[in-house]
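# Got a predicted structure here, sequence first:
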Amino acid sequence: MKLTYTAQNPGSSSGTTLSTFLGAFQGTVSVLFTLLAGYIMARRGYLTHDTVRRVSKLCTTLFLPCLIVEEMGPELTANNLAAVWIVPLWGLFSTGLAHAVGYFVGKRLLRLPYWTVAASGRPNSNALPLILLQSLEHTGVLDTLSRPGESVSHTLSRAKSLILLNAVVQQCLTFQIAPNIIARDDGHKARDDEDPEDQDTLRPGPGRLTSVVQDPERVGLLDGGDYDGVDESDDETRAEGSRGGRHALDAIADQPDIHWPDRLRVLEQPVKTIASGISAPLLGAVIALVIGITPPLHHAILDTDGALYGSITQTVKNLGELFVVLQTVIVGAELAVVRSSNPGALATSWVLFVRFGVMPALSLLFVWATAGRGWYVDDQLVWFLLILIPAGPSAMLLVSVAELVNTDQGAIAGYLTIAYLVSPLMAIVCSLGLSVVHSASARVSGL
């Protein structure tokens with residue numbers, strides 16, 4: 001059954017609030033079912049841990065940048081950027097505020113683990129809100145946020161571009177601060193649990209000692225004694241050791257010795273630092289910005305009558321459209337393949353309270369107090385997204401960050417499973433958000 005929300009008088013009534021809630025609830029349940037599909041497929045063995053990681057990486061490095069170029073490019077004009085500056089700024093400020101609440105209250109006062117700080121501060125900023133917006137379009141809720149004379153499909157396109165603009169900011173922020181936060185927790189993997197092949201691999205920089213590398217054809221002085229009495233098992237052991245020694249050099253074999261010219265040596269460290277901070281989504285945003293603000297490129301690539309629209313643009317569009325649903329399925333699969341542990345009742349309750357209570361309340365208060373006062377753009381869609389951006393479950397990216405810093409992922413995975421199971425609570429946030437937006441709209445129109 002499709003429930004369509006019909007726009008009524010901006011003054012909220014009980015019937016309007018109920019229909020809005022039901023429409024938003026259908027959208028959030030659709031998100032939950034999509035997550036469940038990925039979870040079931042992983043539990044059934046169709047998706048392994050390695051497959052999930054590879055597909056997730058593919059989504060982030062290929063499909064998401066294509067979606068950013070497709071959706072953000074048409075909207076990244078000089079006029080639009082001057083109008084929607086509040087979206088990335090509020091996303092950055094609200095994330096910093098959520099981290100501060102998680103640290104000073106959760107960590108310092110309640111003595112919770114450090115991962116709760118990152119989980120409190122980092123919402124799911126791309127796949128979940130994007131698929132939620134698609135569901136809100138189907139249920140008719142998004143119609144009420146359209147500009148006069150604007151089609152709902154164009155409203156959805158504008159919403160996606162703003163969500164992705166915020167997602168780029170969130171992505172950069174996460175990899176700057178989240179690893180340092182999560183790495184403070186205990187639970188690092190023991191050395192004995194690591195892959196034996198990894199133990200024999202030489203890595204640059206300070207590290208652990210590996211086995212001695214010995215060339216079997218050039219025996220050292222200490223091994224030059226009589227070999228009478230050495231059985232074949234010793235010979236096999238020595239051969240295995242020599243093969244392991246050669247394997248230890250694999251990671252640094254065929255590495256060219258590249259040096260910067262002396263005249264440019266001063267730029268080496270700054271360039272490497274900047275390059276290490278450029279992610280695929282950020283690169284996609286830069287490309288979208290260049291295309292959007294350059295009229296010849298904008299016409300050739302983004303206009304339907306452009307020379308490159310039928311080839312390059314359609315390719316980028318086809319790849320970008322794979323991201324939303326596929327990433328949501330992979331999020332569900334990742335909950336199944338990552339071994340979870342009990343995150344603790346207090347830690348889980350606190351982070352859920354921040355994500356579904358504190359941050360939505362602060363966002364509702366912010367929009368109610370500032371929208372329609374001429375401080376930023378008078379656009380109901382922008383106001384609604386300012387409420388939606390800081391709310392909802394934490395990002396699944398935190399599991400990858402924990403893996404990156406070699407910290408136990410069990411508690412984070414256990415919390416995220418619960419967080420996504422209660423994600424239909426976003427229906428309450430959506431219905432309250434629309435009520436606040438309509439109140440602000442009535443204030444602007446003088447009703």
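Cool, the structure landed. Numbers count the residues shown, from 1 in each chain.
# The residue nearest the centre of the chain and G102, how far apart?
The chain has L397 as the residue nearest its centroid, 5.1 Å off, counting by CA atoms, centre = their mean. Note on L397: its distance to G102, by CB to CB, to the nearest Å, is 16 Å. From N, CA and C alone the C-beta is placed, and that goes for glycine too.
# do H438 as well
31 Å.
# The two: which is more packed in?
G102 (28 against 23; other CB atoms under 10 Å).
# sorry, back to before: show me the contacts for the residue nearest to the residue nearest to the centre of the chain when sequence neighbours are not counted.
Residue nearest to L397 in three dimensions, not counting chain neighbours: T174, with 6.0 Å by CB to CB, 6 or more residues apart in numbering. When contacts are counted by CB atoms under 8 Å, 6 or more residues apart in numbering, T174 touches 122, 395, 397, 401.
# quick check, T174 in a helix?
Yes: according to DSSP: H, G, I helix; E, B strand; the rest coil, T174 belongs to a helix.
# just checking, M72 touches I293?
No: with contacts counted by CB atoms under 8 Å, M72 stays clear of I293, the gap being 11.4 Å.
# Neighbour count for those two, which is higher?
More crowded of M72 and I293, by other CB under 10 Å: M72, with 25 against 15.
# so what's the backbone phi/psi at that one?
The phi/psi pair for M72 (degrees, to the nearest 10) reads phi -80, psi -30.
# and the closest residue to it other than its chain neighbours, how far is that from G73?
Nearest in space to M72, with sequence neighbours left out and distances taken as CB to CB, 6+ apart, is A288 at 4.1 Å. Separation of A288 from G73 (CB to CB) stands at 4 Å.
# just L109 next, same as before
Noted for L109: a distance of 45 Å to G73, by CB to CB.
# between the two, which one's more packed in?
Between L109 and G73, G73 has the larger neighbour count (other CB under 10 Å), namely 25 against 9.
# Quick one: residues contacting the more buried one.
288, 291-292, 298, 301-302.
# For I412, state which of those is nearest.
Proximity of those to I412 was ranked by CB to CB; the top entry is A288 with 31.5 Å.
# I'd say that closest one and V69 touch.
Yes: A288 is within contact range of V69, at 4.7 Å (criterion: CB under 8 Å).
# Comparing the two, which shows the higher neighbour count?
V69 (30 against 26).
# so which strand or helix has that one?
Assignment of secondary structure by DSSP states H and E places V69 within helix 64-72.
# what element comes up after that helix heading to the C-terminus?
helix 78-83.
# as a whole number, average confidence for that following helix?
Confidence for helix 78-83, expressed as mean pLDDT, is 78.
# What of stretch 418-425?
Stretch 418-425 comes out at a mean pLDDT of 90.
# ok, now stretch 126-137?
82.
# Identify the residues contacting that stretch?
The set of residues external to stretch 126-137 that reach it, using CB under 8 Å, 6+ apart, is 23-24, 26-28, 30-31, 34, 64, 142, 152-153, 155-156, 159-160, 163-164, 167, 323-325, 327-328, 331, 388-389, 392-393, 423, 426, 430.
# ok, and for it, which residues are buried?
Residues 126-137 are the ones in stretch 126-137 that count as buried (16 or more other CB atoms under 10 Å).
# Format those residues as TSV; extra columns: distance to T315 and secondary structure.
Listed next are the buried residues of stretch 126-137 as TSV, based on distance: CB to CB, whole Å; DSSP: H, G, I helix; E, B strand; the rest coil:
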residue	distance to T315	secondary structure
N126	21	coil
A127	22	helix
L128	26	helix
P129	25	helix
L130	20	helix
I131	23	helix
L132	27	helix
L133	24	helix
Q134	22	helix
S135	27	helix
L136	28	helix
E137	25	helix
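# Tell me where the model's unsure across the stretch 1-150 of the chain.
The model of the stretch 1-150 of the chain has pLDDT under 70 over residues 1-17.
# got the residue ranges for the strands in it?
Ranges of strands within the stretch 1-150 of the chain: none, based on DSSP state E, counting those that start in this stretch.
# which residues in it form helices?
14-43, 49-58, 64-72, 78-83, 86-101, 115-121, 127-139 (DSSP state H, counting those that start in this stretch).
# Now do the first one: which elements does it pack against?
Identification of packing neighbours for helix 14-43 by 3 or more CB pairs under 8 Å, 6 or more residues apart in numbering; DSSP states H and E yields helix 127-139, helix 323-337, helix 410-421, helix 426-445.
# what about 10 Å?
Here helix 14-43 touches helix 49-58, helix 127-139, helix 323-337, helix 410-421, helix 426-445, going by 3 or more CB pairs under 10 Å, 6 or more residues apart in numbering; DSSP states H and E.
# for the contacts of G73, which one is nearest P343?
A288 (37.3 Å).
# if we can go back for a sec, look at the residue nearest to M72 and report its pLDDT.
Value listed for A288 in the pLDDT field: 88.
# ok, it touching T77?
No: at 11.1 Å, A288 does not count as touching T77 under the criterion of CB atoms under 10 Å.
# Give the helix, strand or coil label for G306.
Per three-state DSSP, the secondary structure class of G306 is coil.
# Contact partners for the residue nearest to it when sequence neighbours are not counted?
Leaving aside its sequence neighbours, G306 sits nearest to A300 (CB to CB, 6+ apart; 4.5 Å). Contacts of A300 were listed using CB atoms under 10 Å, 6 or more residues apart in numbering, and they are 291, 294, 306-309, 312-313.
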